[in-house]
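Q: From the sequence below, what's the structure:
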Amino acid sequence: MAMNLAKMRNFGIVAHIDSGKTTVSERILYYTGKKHKIGEVHDGATTTDWMKEEQERGITITAAAVFATWRDHYLNLIDTPGHVDFTAEVERSCRVLDGAVIVFCGVSGVQAQSETVWRQANKYSVPRLVFVNKMDRGGANFDRVVDQVRERLGANPVPIQMPIGTGDDFKAIIDLISMKYYTFEGDLGEDQIEHEIPAEHKAEAEKRRAAMIEIVAGEDESLTESWLESGTLTNEQIYQGLRHGAMTFKLQPVLCGAALRNKGVQKLLDAVVDILPDPKSAHSMKQYAPEDILHANPLPTVCDAKAPLRAMVFKIMSMPNLGDVSFVRVYQGTIKEGDQLLCVSTRKTERASRMVKLVGVTPNKVEEAAAGDICAIVGLKTTITGDTLVSPSDQHPMLLEGISFAKPVISMAIEPKSNADKEKLAYALQRLEREDPTFKRYIDGETGQLIIMGMGELHLEVLQHRIRDEYKVDAVVGKPRVSYRETITKVLEQRGKHVKQSGGRGQYGDCTVIIRPLTSEEKAAGNEFIFDNAIKGGSIPKEYVKPIEEGVVNELQRGYIAGYPVINVHVQLIDGSYHDVDSSQEAFIAAGALAMREAFPKLGIILLEPWMKADVETPEDFVGSIMGSLQSKRAIITETLNRGNAKIVKAEVPLGEMFGYTTDLRSMSQGRAGFTMEPSEYKAVPMSMVEKLTKGLGRAKAEG
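A: Okay, the predicted model is just below:
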């Protein structure tokens, strides 16, 4: 049965950790009839946080996709993590969503991770609503949060509601569009009662409604004319302006509530239906021919169930009772249960053996998913996150624009406690790596140790616990260590000529390359290595170009100063020669490696370390000692801000200095300060530390 696309909404709930995202999701499931009981984060009983690690820690670790209905509309909802170590979950969710609800805490307002998720929503052009949660907490201030969204995020928030009271006195919400006063009654706030606005709030509500209309009218020429003529807008015109403003990213409607006290969530659902776009109105996804490596000729997708299939796998999870589950967003065409599917990047065929919609871990069988929909497919074997699925009979298969993920910045050694666990550990790591694009593993060529890499201490700790709990493997892990890198600072032309003659067929490979650092534009585009074939006239046959690149890459991975990968390098192949008999792919791999190896001493190579953006939130009494401790860790303090009674110290600091900082911070602040970090960039290691690092840490090779 064809789904009415106009009545579908694909949206996510994203925010800084502890803003109440999962609590909002639980209320949505309750009010839409998907649950008969509300689960609480503090009880470890929520639907979307179903993993043992999530329930024990009271945080969301993996994005959960659920479906529900509201006012005859069909909702696909994704609840995402707030902790920066799990930023990949937000990244992949923003990639496939048509809209987002960004949740802010009414007390803390715009926090570090709020800025990160806002940038991610900007990156993928996601229309958004703002929900100021926790209005029932002491110190909550709706207008202050709105101002912070405007000032710190460069946004244009437009409040469409007005809270009545804060903290324990938070009792109602005025809807500035309908100009009605709403209370939420019954044991779980399920009875949303509409009243006329009390006389004492009428003047303030009128003033705020006029301010809202002025902003909305300013975003659309036809609305501006209506407003100038009549001095106001009709309710339908207001919604028209809010929809248009959200779709063009010119404004962000702001709502408020207290999810834990069951206030305001139904009105939020109304706004999702009334303001956020349906899949057909939302921005079109770009698609490219597989051979268009530079993405120079994009084509739009068409949200049509009858068009050729274009679907993206945006998440893979191993789930209890289901096994491997691949979450898929369908952009064009239709997937039916039992269909054969072709993965464009690997050219391998898969089968949609079982299709489901999920509410937490509970599967609901579906027969098909058409353009605009999100579903989960059980049983895909080789497909990974970011892969495009098409029909095997498609004469012109196309690739959808992929998802970019941050590179891991921290590593640790891991080994099974017994030989019996060796295979089980390898299997567990392989599964986790398929699920999580920011998790990597490799064998250290020097020590033979198995190394795992991730986004932070919490990320690796959670993965370690999952290995123990889900895969029943006892493993011993080393201390976390930083993922250093190396880079070049000079430009050089270098020849690599590999010739061997020792009886029988010889080996001959010869190439000349120009090696230079990447430009800031190339790095900003997410590149760490670019290989460019600029040979004119065929001095080397085409089949030897890829082997030269392979040789160069192999040598870059080995590193030079301390065995860390060399990044931010552009290599241009400009010349070479070959032998009709003695040349081979192996000989040109050796030539490429030789060119790089001989160039290393002349390229001015330096050691790099990952720096983090850190936000420390502390009572004012401890600011001095905290700033002193950060500066002793080579931190650069960028600014200090006031947030209610607390101070925020913003700094940039080397990751290697921050291990165990949680404990230090607790002892400095009597347990009252907290901090968050996110990766910023790689910077040069001071010369005074290079020798210590290269001796102390040994060679630790890592995959990029």
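
Q: contacting residues around the residue positioned nearest the centre of the chain?
A: In the chain, the C-alpha closest to the average C-alpha coordinate belongs to residue 91, at a distance of 2.0 Å (Cα atoms, centre = their mean). Residue 91 makes contact with 120, 403-406, according to Cβ atoms under 8 Å, 6 or more residues apart in numbering. C-beta here means a position set from N, CA and C on the backbone, and glycine is covered the same way.

Q: Is there a quick ChimeraX command that grabs whichever of the residues you listed are buried?
A: Applied in ChimeraX, the following selects the buried portion of the contacts of residue 91 according to 16 or more other Cβ atoms under 10 Å:
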select :120,403,405
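
Q: same for the helix or strand where residue 246 lies, what does it pack against?
A: Residue 246 belongs to helix 235-247 when assigned by DSSP states H and E. Judged by 3 or more Cβ pairs under 8 Å, 6 or more residues apart in numbering; DSSP states H and E, helix 235-247 is in contact with helix 199-217, helix 221-230, strand 252-256, helix 265-275.

Q: Quick one, which of those gets closest to residue 643.
A: Comparison of these against residue 643 by Cβ to Cβ identifies strand 252-256 as nearest, at 18.2 Å.

Q: quick one: contacts of the closest one?
A: Strand 252-256 is contacted from outside by 102, 106, 128-133, 135, 142, 146, 149, 155-161, 163, 173, 242, 245-246, 264, 267-268, 271, 275, using Cβ under 8 Å, 6+ apart.

Q: Among those residues, name the buried ones.
A: Buried members of the contacts of strand 252-256, scored by 16+ other Cβ under 10 Å, are 102, 106, 128-133, 135, 142, 146, 149, 155, 157-161, 163, 173, 242, 245-246, 264, 267-268, 271, 275.

Q: so of those, which ones are in helices?
A: Among the buried ones among the contacts of strand 252-256, the members found in helices (DSSP state H) are 142, 146, 149, 242, 245-246, 267-268, 271, 275.

Q: Strands of the stretch 351-500 of the chain, start to end?
A: Using DSSP state E, counting those that start in this stretch, the strands assigned to the stretch 351-500 of the chain run over residues 354-359, 362-365, 368-370, 374-378, 388-390, 399-400, 410-416, 440-443, 450-454, 475-477, 481-482, 485-487, 492-500.

Q: Give me the helix or strand of this structure that scores worst on average pLDDT.
A: Within the chain, no helix or strand scores below helix 52-57, which has a mean of 39 by mean pLDDT, DSSP states H and E.

Q: on contacts alone, who are the packing partners of the following helix or strand past that one?
A: Once the chain leaves helix 52-57, the next helix or strand it forms, by DSSP H and E, is strand 64-70. Applying 3+ Cβ pairs under 8 Å, 6+ apart, one finds that strand 64-70 contacts helix 21-31, strand 73-79, helix 265-275, strand 354-359, strand 374-378.

Q: Adjacent strands (with direction) for the fourth one?
A: Spelled out, it's strand 354-359. For strand 354-359, the paired strands and their directions (DSSP bridges) read strand 362-365 (antiparallel), strand 374-378 (antiparallel).

Q: Pick the most buried one from these.
A: Mean neighbour count (mean count of other Cβ atoms under 10 Å) peaks for strand 374-378 among the strands paired with strand 354-359, with a mean of 23.

Q: measure residue 585 to residue 102 for me?
A: Distance, residue 585 to residue 102, using Cβ to Cβ, to the nearest Å: 51 Å.

Q: no, scratch that, I was asking about residue 367
A: To residue 102, residue 367 is 34 Å away according to Cβ to Cβ.

Q: likewise residue 628?
A: Using Cβ to Cβ, residue 628 is found at 35 Å from residue 102.

Q: do residue 527 as well
A: According to Cβ to Cβ, residue 527 stands 30 Å off from residue 102.

Q: biggest strand in the chain by residues?
A: Longest strand in the chain, counting residues (DSSP state E): strand 606-619.

Q: Now do that strand: which elements does it pack against?
A: If you count contacts as 3+ Cβ pairs under 8 Å, 6+ apart, strand 606-619 packs onto strand 485-487, helix 623-632, strand 646-654, helix 661-669, strand 674-684, helix 687-696.

Q: which of these is buried the deepest?
A: strand 485-487 (a mean of 23).
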